[in-house]
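Participant: Got a sequence here, can you model it:
(one chain, ligands or ions: 3)
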Amino acid sequence: MAQEVRGVIAPGKNEPVRLETIVVPDPGPGEAVVQIQACGVCHTDLHYKQGGINDDFPFLLGHEAAGIVESVGDGVTDVAPGDFVILNWRAVCGQCRACLRGRPQYCFDTHNAKQKMTLTDGTELTPALGIGAFADKTLVASGQCTKVDPSVSPAVAGLLGCGVMAGIGAAINTGNVGRGDTVAVIGCGGVGDAAVVGARLAGAAKIIAVDVDDRKLETARTMGATHTVNSRTIDPVEAIRELTGGFGADVVIEAVGRPETYQQAFYARDLAGTVVLVGVPTPEMTLELPLLDVFGRGGSLKSSWYGDCLPSRDFPMLIDLHQQGRIDLSGFVTETIGIDGVERAFERMHEGDVLRSVVTL
Ligand SMILES: NC(=O)c1ccc[n+]([C@@H]2O[C@H](COP(=O)([O-])OP(=O)(O)OC[C@H]3O[C@@H](n4cnc5c(N)ncnc54)[C@H](O)[C@@H]3O)[C@@H](O)[C@H]2O)c1
Ligand SMILES: [Zn+2]
Ligand SMILES: [Zn+2]
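Facilitator: Numbering: from 1, shown residues only. Ligands and ions are numbered 1, 2, ... in the order given. Presented below is the predicted three-dimensional model:
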């Protein structure tokens with residue numbers, strides 16, 4: 001029996017979000033219905049609302065979520081009703097050329113639930129990143145559910161489902177930060193601060209946080225930044241070089257998604273160093289760099305989707321480290337809000353005074 005629950009809908013481009021009754025079908029083969037306990041408000045939800053991702057309105061927003069599996073469809077063996085799970089937006093296929101070569105973190109054919117959730121009049125909804133978790137319940141592919149230690153707070157766990165994993169993974173997976181490395185992070189919102197946490201976990205000797213907002217730099221310090229640079233008043237490339245003996249950082253992580261900050265990252269890295277782009281650019285952005293500099297400076301220029309994470313490997317590990325006090329993810333939850341608070345949370349995101357507002361249910 002399909003169920004009717006509450007969900008937060010983006011009805012059309014730049015229109016305010018609305019709380020609506022949505023219809024969640026019973027899980028079909030390979031699917032699961034998850035009762036949502038917490039879902040963070042990510043910048044990408046705002047991009048959806050603004051029409052910046054695509055035009056498949058109405059969207060069912062929300063994708064940084066944790067909850068309890070309520071029911072599963074035929075053939076589902078990896079999770080069972082009652083399991084505490086974090087939802088992921090890259091359920092790997094096991095069959096594509098990346099998966100077959102033993103690199104499922106790059107899976108080129110990730111999947112979501114096949115059935116559609118709808119409004120009560122039958123209008124089909126597009127769930128954000130194939131999740132749609134600003135809702136009491138949502139329908140996903142079972143591979144989107146990753147079991148973790150149920151003693152963790154759902155508000156903290158959910159954040160690993162997107163921004164926090166993207167940032168930590170940009171440092172530990174894509175950037176391959178190692179003991180003694182110098183690291184700079186440009187843009188210290190939720191994603192950049194998570195990169196700071198990742199760099200610290202990996203043993204970076206120096207972690208330089210760069211932002212245009214002093215409040216963000218203060219928070220970055222509490223996350224593990226050893227130095228901060230306000231690039232509104234100081235040239236960040238010069239400052240990073242000065243802090244690294246005149247050379248630049250071994251790994252520079254760009255967590256804004258703009259050509260000018262990418263350029264800063266490029267020139268603030270040491271010879272043979274690594275630049276990691278985790279910020280998401282918009283379609284009209286372009287970048288011009290002297291090809292001789294790309295060649296002459298050596299090293300690698302990488303981009304990082306979802307922190308190159310493998311949810312089944314990385315989510316349980318990071319939750320364990322958090323539970324043991326070896327990383328602290330609680331600081332990412334600035335506030336918990338009700339399901340009717342999403343529009344206001346977007347405003348606060350814009351005002352720059354939250355890392356994450358988290359809807360709890
Ligand atoms: N690659 C992925 O898988 C992935 C996943 C989630 C989010 N993201 C992207 O990561 C980026 C950051 O996300 P977020 O949630 O942290 O956003 P956010 O808005 O919370 O943080 C952005 C930060 O950048 C700072 N900033 C803005 N302009 C700057 C500049 N010129 N120089 C230095 N700092 C500047 C802001 O003050 C803010 O602190 C976004 O582009 C988001 O879409 C990527
Ligand atoms: Zn695959
Ligand atoms: Zn997100």
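
Participant: alpha carbons only for contacts and neighbour counts from here, please
Facilitator: Noted.

Participant: Leaving out sequence neighbours, find the closest residue to the residue nearest to the spatial centre of the chain.
Facilitator: Closest residue to the average C-alpha location of the chain: Gly163 at 2.2 Å, with C-alpha atoms, centre = their mean. Using C-alpha to C-alpha, 6 or more residues apart in numbering and skipping the chain neighbours, the partner closest in space to Gly163 is Val191 (5.1 Å).

Participant: How far off centre is the host helix or strand of the one you found?
Facilitator: Element membership for Val191 (DSSP states H and E) is helix 190-201. Relative to the centre of its chain, helix 190-201 is centred 12 Å away, using C-alpha atoms, centre = their mean, to the nearest Å.

Participant: what's the pLDDT at the residue nearest to Gly163?
Facilitator: pLDDT recorded at Val191 is 95.

Participant: hang on, it packs against Gly257?
Facilitator: No - the criterion here is C-alpha atoms under 8 Å, and Val191 misses it with Gly257 at 11.2 Å.

Participant: and the two? which has more neighbours close in?
Facilitator: Val191 (30 against 17; other C-alpha atoms under 10 Å).

Participant: How about the helix holding Val191 and ligand 3, touching?
Facilitator: No - Helix 190-201 lies out of reach of ligand 3 by C-alpha under 5 Å from the ion, never closer than 9.2 Å.

Participant: Buried residues, whichever helix or strand comes after that helix. List them.
Facilitator: Where DSSP H and E defines the elements, the next helix or strand beyond helix 190-201 is strand 206-211. If you call a residue buried by 16 or more other C-alpha atoms under 10 Å, then strand 206-211 has these buried ones: 206-211.

Participant: ok now do whichever residue of the stretch 51-200 of the chain sits closest to ligand 3, which residues does it touch?
Facilitator: Closest approach between the stretch 51-200 of the chain and ligand 3, counting by C-alpha to the ion: Cys162, at 4.5 Å. Counting by C-alpha atoms under 8 Å, 6 or more residues apart in numbering, Cys162 touches 42, 63-64, 88-89, 306.

Participant: Which of those residues fall within strands?
Facilitator: Glu64 (DSSP state E).

Participant: For the stretch 101-250 of the chain, which segments count as strands?
Facilitator: 118-119, 126-127, 137-141, 145-147, 182-186, 206-211, 227-230, 249-254 (DSSP state E, counting those that start in this stretch).

Participant: Same list, the ones you listed, but as CSV with distance to Phe266 and mean pLDDT please.
Facilitator: Output for the strands of the stretch 101-250 of the chain, formatted as CSV (distance: least, C-alpha to C-alpha, whole Å; pLDDT from 0 to 100):
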stretch, distance to Phe266, mean pLDDT
strand 118-119, 45, 98
strand 126-127, 35, 98
strand 137-141, 38, 98
strand 145-147, 35, 98
strand 182-186, 11, 98
strand 206-211, 14, 98
strand 227-230, 17, 98
strand 249-254, 8, 98
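
Participant: Dump those into a markdown table; add distance to ligand 2 as well.
Facilitator: Below are the strands of the stretch 101-250 of the chain laid out as a markdown table (distance: least, C-alpha to the ion, whole Å):
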| stretch | distance to ligand 2 |
| --- | --- |
| strand 118-119 | 28 |
| strand 126-127 | 21 |
| strand 137-141 | 14 |
| strand 145-147 | 16 |
| strand 182-186 | 30 |
| strand 206-211 | 34 |
| strand 227-230 | 39 |
| strand 249-254 | 26 |
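
Participant: So for Glu70, which of the ones you listed sits nearest?
Facilitator: strand 137-141 (8.7 Å; C-alpha to C-alpha).

Participant: And that closest one, what does it pack against?
Facilitator: strand 18-24, strand 31-40 (3 or more C-alpha pairs under 8 Å, 6 or more residues apart in numbering; DSSP states H and E).

Participant: Tell me which of those strands is the most buried.
Facilitator: strand 31-40 (a mean of 28; mean count of other C-alpha atoms under 10 Å).

Participant: In contact with the residue nearest to the centre of the chain, which residues?
Facilitator: Neighbours of Gly163 in contact, by C-alpha under 8 Å, 6+ apart: 42, 64, 190-191, 194, 306.

Participant: Thank you, goodbye.
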